[in-house]
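[1] Turn this into a model:
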Amino acid sequence: MNDSSNGRARGALTELATFVTTDIAGVTRGRSFAAQDIEDYFRKGVGWVPANLALTPFDVIADPNPWGSAGDLRLMADPASKARVTCLPDVTPLHFYHCDITDLKGEPWECCVRSFLKATLADFKTETGLGVVGAVEQEFQVLGADWPAAPSFGLRAQRRTEPFGPLLMTALKEAGAEPEMFLPEYGKDQFEITCRPAPALVAADRGATIRAVTKEVAALFGWNASFAPKTDPDGVGNGVHLHISFTDADGHPATFDASRPGRLSAIAGSFAAGVIRHLPALVAFTAPSVLSYMRLVPHHWSAAYTCLGEKNREATLRICPTLDLPGSDPARQFNMEYRAADACASPHLSLAVVLRAGLEGIRAGLEPPPLINADPSDFSPEEQEKLGIRRLPASLAEALDTLAADPVVTGWFTKDFLDCYFAMKRKEIEIVDGLSPEGLCSRYATVY
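    Take a look at the predicted model:
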C-alpha cells in the first residue's frame, strides 16, 4: 500500500473512463479518456479497428483475417452499463462502460457479440413473447497469495483472505454487479462469486464486470485472480455457469410447470431440447480455449455429455433446485443452468448461442430430452444412444470441426464472423501447441 502523501497525489490525477468490449477471445479491451468528457464520448464513441476481433488471447492477430489493416469502427457505450469503483485504496477510480461496436454511421457491426446478444433477445421476444432473465456464476483462483492451507468451504478459508473478500464485495456493489455471495470453493485458493438475476443483457455485462473488478482488487495485493479453466493440471477447474429463466409479458415466471417432467414448462422443455441438440457445436463458443477441454471431462462436476439433469452436477444443462420453505415461490426461483462454459468466452456470446439453440428447439416444437439424474458416463454405450447422450468434443480442434459441421449454428453468423473466429482459434491452437499441461495452465492463467 502507498503512503498517505502518495494517496493525496493520486487524488489530484485526472480520472479516466474507458469504453470496453469483451471480445470473442473473452478479453475485455477498450480505450480510455478523461472522465470529465464523458458526455461528448457518449455521443461520438471511441475508435476501434475490425482486425482487433482477430486478436488471440496472446495478443497475436490471426492472419489471414477478413479485414487486414482496413476499416474503422466505433465503440458506442451503453450508459446504463456504467461500472465505477471508488473504494479501492491508493488508486484512481475504476470507471468503464460496456459498448456495442458500430460502423461509422452508428449501425451495429455484424461481428459485435454484444449486438448479437441484443438481436438474439429481440428475436426471442418476438417469437415467444418471453423475456430472458440470467445470471453468470463464476469461479476463480487467487495466485500468489501464499495463504496457509484451510479446509474447502471453511470459514477459515474465507477469513484468511482479509480484507480481500469484503473489499471485493464492496467494489462489486459499487460497480452495480449486485453480488450475492463470495465463498471459498473446493480448489486451492479458489472462490466463487454469484450475483442476482437480471435481464439477460445486464447479466452478460455483469459477467464481464465481475472479472474485471475481481482482477483489479486482487492486483492491489500483488496477486492474480485467475478465471482460467485450469491453473494446475491436477487441480479443480474454474467454471462459468449460465443461469437462464423466462418471464411472460407481465413479468410472471414462465419456466416452471409443476405438472411436467422436471417441472419444466412446455416451452422451457423445447428450449432445453434445442440446447441439447446443438451442444457439441455450442462448446466451440462457450468453452473456446485449448485449456477448456482439460476441464470438460467426466466425473469432475463440470460437463462432458449432452444431457439434461435435475439437480445433477454432471449434467451439462441442469435444472436447479428450489426452496420449499413456507412462503417461498418455486416458480420465481426456478431456472436452468448451462455448465459447459468458462471465462475464456465472452459472456455475451455464450448467452447468445445458448439462447439461439434453445429458440431452435422452440421453433421445432421439440419434446423435452430425458432427465439424466446419474453420471452419464456410467451408462452403457447402448443406453447412451437410446437416451441421446453424446460425449462433448474432447479438444478445441474437435469442437471447431463440430461447429463447422452444424449448419444451424453456423447459420446464425455472417461469413466474416465465422472466418475470423475459426482463424483466431486455429492460431491460438498453433501458439500453444507442444506446451506441457503445466505450461498450458500457466500460459492461460496469466491472461484469464
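
[2] quick one, what contacts the residue nearest the centre of the chain?
    The residue lying closest to the centre of the chain (CA atoms, centre = their mean) is residue 347, at 3.2 Å. The neighbourhood of residue 347, defined by CB atoms under 8 Å, 6 or more residues apart in numbering, consists of 22, 136, 203, 204, 205, 207, 208, 240, 242. C-beta: built from backbone N, CA, C; applies to glycine.

[3] again, only this time at 6 Å
    136, 204, 207, 208 (CB atoms under 6 Å, 6 or more residues apart in numbering).

[4] residue boundaries of the strands in the stretch 51-200 of the chain?
    Using DSSP state E, counting those that start in this stretch, the strands of the stretch 51-200 of the chain run over 73-77, 83-85, 94-102, 131-143, 179-184, 190-195, 198-199.

[5] can you put these in a markdown table and add mean neighbour count?
    Conversion of these to a markdown table gives the following (neighbours: other CB atoms under 10 Å):
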| stretch | mean neighbour count |
| --- | --- |
| strand 73-77 | 22 |
| strand 83-85 | 21 |
| strand 94-102 | 23 |
| strand 131-143 | 23 |
| strand 179-184 | 17 |
| strand 190-195 | 22 |
| strand 198-199 | 16 |
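
[6] now the ones you listed as CSV including distance to residue 285?
    CSV is the format used below for the strands of the stretch 51-200 of the chain (distance: least, CB to CB, whole Å):
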stretch, distance to residue 285
strand 73-77, 21
strand 83-85, 24
strand 94-102, 17
strand 131-143, 15
strand 179-184, 26
strand 190-195, 22
strand 198-199, 21
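
[7] So for residue 247, which of these sits nearest?
    Nearest of the strands of the stretch 51-200 of the chain to residue 247, taken as CB to CB: strand 131-143 at 4.6 Å.

[8] Run a quick check on residue 185 versus residue 194, I expect a contact.
    No - at 11.3 Å, residue 185 and residue 194 do not qualify as touching, with contact defined as CB atoms under 6 Å.

[9] what stretches of the stretch 51-200 of the chain score poorly on pLDDT?
    Scanning the stretch 51-200 of the chain for pLDDT under 70 picks out nothing.

[10] on that earlier part again, can I have the buried ones of the contacts of residue 347 as a PyMOL selection?
    Filtering those down to the buried ones (16 or more other CB atoms under 10 Å) takes a single PyMOL command:
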select buried, resi 136+204+207+208
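
[11] So which of the contacts of residue 347 sit within strands?
    Helix and strand membership here follows DSSP state E; of the contacts of residue 347, those in strands are residue 136.

[12] Could I get the contacts of residue 347 in a markdown table, plus columns for distance to residue 50?
    Below are the contacts of residue 347 laid out as a markdown table (distance: CB to CB, whole Å):
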| residue | distance to residue 50 |
| --- | --- |
| 136 | 27 |
| 204 | 22 |
| 207 | 24 |
| 208 | 21 |
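
[13] so what's the backbone phi/psi at residue 40?
    phi -60, psi -40 (degrees, to the nearest 10).

[14] got a pLDDT number for it?
    In this prediction, residue 40 carries a pLDDT score of 97.

[15] Now do it: how many residues are near it, please.
    Number of residues near residue 40 (other CB atoms under 10 Å) recorded here: 10.

[16] Make 368 the starting number, not 1.
    Happy to do that; since the first residue is 368 now, the last one works out to residue 407.

[17] For it, give me its contacts.
    For residue 407, the contact set (CB under 6 Å, 6+ apart) is empty.

[18] One more: residue 420?
    Counted by CB under 6 Å, 6+ apart, residue 420 has contacts 390, 478, 787.

[19] from those, which ones fall inside helices?
    Mapping those onto helices (DSSP state H) picks out residue 787.

[20] The contacts of residue 420 into a markdown table, with extra columns for neighbour count and distance to residue 678?
    Shown next, in a markdown table, are the contacts of residue 420 (neighbours: other CB atoms under 10 Å; distance: CB to CB, whole Å):
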| residue | neighbour count | distance to residue 678 |
| --- | --- | --- |
| 390 | 23 | 35 |
| 478 | 24 | 38 |
| 787 | 23 | 39 |
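
[21] could you dump the contacts of residue 420 to TSV with distance to residue 487?
    Shown next, in TSV, are these (distance: CB to CB, whole Å):
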residue	distance to residue 487
390	17
478	14
787	19
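
[22] these two touch, right, residue 581 and residue 593?
    No - taking contacts as CB under 6 Å, residue 581 lies outside contact range of residue 593: 9.8 Å.

[23] Strands along the stretch 568-717 of the chain, start to end?
    591-593, 607-614, 675-677, 684-686, 703-708.

[24] where do the helices sit along the stretch 668-815 of the chain?
    Using DSSP state H, counting those that start in this stretch, the helices of the stretch 668-815 of the chain run over 697-700, 714-731, 748-754, 763-771, 774-777, 782-799, 804-812.

[25] most tightly surrounded among the ones you listed?
    Compared across the helices of the stretch 668-815 of the chain, helix 714-731 shows the largest average neighbour count, a mean of 24 (mean count of other CB atoms under 10 Å).

[26] roughly how far is that helix from the heart of the chain?
    Relative to the chain's own centre, helix 714-731 is displaced by 14 Å; criterion: CA atoms, centre = their mean, to the nearest Å.

[27] now stretch 638-656
    Offset of stretch 638-656 from its chain centre (CA atoms, centre = their mean): 14 Å.

[28] now swap in stretch 699-715 and tell me
    Using CA atoms, centre = their mean, the offset of stretch 699-715 from its chain centre is 7 Å.

[29] Please save the CA atoms from that stretch in CSV.
    Provided in CSV are the C-alpha atoms of stretch 699-715 (Å, rounded to 0.1, in the frame of the first residue of the first chain):
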residue,chain,number,x,y,z
ARG,A,699,-39.8,-17.4,-9.2
GLN,A,700,-36.7,-19.4,-8.2
PHE,A,701,-36.8,-21.9,-11.0
ASN,A,702,-34.1,-21.8,-13.6
MET,A,703,-31.8,-23.9,-15.8
GLU,A,704,-28.0,-23.8,-15.5
TYR,A,705,-25.7,-24.3,-18.6
ARG,A,706,-22.4,-25.7,-17.2
ALA,A,707,-20.2,-26.2,-20.3
ALA,A,708,-18.8,-22.6,-20.2
ASP,A,709,-15.7,-20.9,-18.8
ALA,A,710,-14.1,-17.4,-18.7
CYS,A,711,-12.2,-17.8,-21.9
ALA,A,712,-15.5,-17.0,-23.6
SER,A,713,-17.3,-13.7,-23.9
PRO,A,714,-20.4,-13.9,-21.6
HIS,A,715,-22.4,-12.1,-24.2
